[in-house]
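Undergrad: Show me how the following folds:
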Amino acid sequence: MAYRNGTYVAFHANNTSDPTASDMKYYNTLRMWKVRDKDGDFEFVNSHEKRDIRDWSTKETLKNALRERMKNSKHLLLIIGSTTKLDTDWIPFEIAYAVDNCEIPIIAAYPAYDKIMAPSALSFLWPKALEDRINNGTAKVIHIPFKKEPIVDAVSQFDFDNPPRGGLVYYSKEAYESWGYIS
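TA: Numbering: from 1, shown residues only. Coordinates of the predicted model:
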């Protein structure tokens, strides 16, 4: 059995290597938070840094490496931006494998929002793979803004042993007040 301690991060790269032109900028923000964390509160074991992929020659080779990374992860942090739904290749594969095979929960983080109090109102952003699994009850998802405090809390709280209790879970008003996002 794999040692499942990592956070697998999925984001829409938008078929570009320019990190400012895709959701890769949010992935890089996570990496920056980890490097700059002086208090040690940003516990983030990046599954993508555990094993280097040396052979990118075939899509199947890459898929096998991503499967291995997900098997070693305790949850999937899915960054949902305005173009995520447009990805018909990697994001659907990652969601399907994470939920259907690894049975890990999803932390859905939305960069354009300061709080998430009605996740179903954001369904217009969801990739079909996520929407289908929320609707059929197989995805266990906490919906949060892409902000450090909610990500720290979700990453420390939700995993394969302690998933959210459904597909439309969100933090309370009190949680957002404690983080200073609302008063």
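Undergrad: Please make it C-alpha for all contacts and neighbour counts, starting now.
TA: Will do.
Undergrad: Show me the helices in this protein, by range?
TA: Under the criterion DSSP state H, the chain contains helices at 24-36, 59-71, 90-96, 128-135, 148-157, 173-178.
Undergrad: Could you check this protein and say which of its helices or strands has the lowest average pLDDT?
TA: helix 24-36 (a mean of 78; mean pLDDT, DSSP states H and E).
Undergrad: So which bits of that helix are buried?
TA: 24, 26, 27, 30, 34 (16 or more other CA atoms under 10 Å).
Undergrad: Make JSON lines from those and add distance to residue 141 to it.
TA: Formatted as JSON lines, the buried residues of helix 24-36 follow (distance: CA to CA, whole Å):
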{"residue": "24", "distance to residue 141": "21"}
{"residue": "26", "distance to residue 141": "19"}
{"residue": "27", "distance to residue 141": "19"}
{"residue": "30", "distance to residue 141": "19"}
{"residue": "34", "distance to residue 141": "23"}
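Undergrad: Grab the two from these that are most spread out in space.
TA: Using CA to CA, the buried residues of helix 24-36 span at most 15.6 Å, a distance reached by 24 and 34.
Undergrad: Who does the most centrally placed residue in the chain form a beta bridge with?
TA: Centroid-nearest residue in the chain: residue 77, 1.5 Å away (criterion: CA atoms, centre = their mean). Beta-bridge partners for residue 77, by DSSP bridges, are residue 9, residue 107.
Undergrad: Now do the least confident helix or strand of the chain: distance to the chain's middle.
TA: Helix 24-36 sits 13 Å away from the centroid of its parent chain (CA atoms, centre = their mean, to the nearest Å).
Undergrad: Okay, now the unreliable bits of this protein?
TA: Along the chain, segments meeting pLDDT under 70 span 1-2, 19, 34-57.
Undergrad: let's see 50
TA: In the predicted model, the chain carries pLDDT under 50 at residues 1, 45-48, 50.
Undergrad: give me the number of residues near residue 124?
TA: 11 (other CA atoms under 10 Å).
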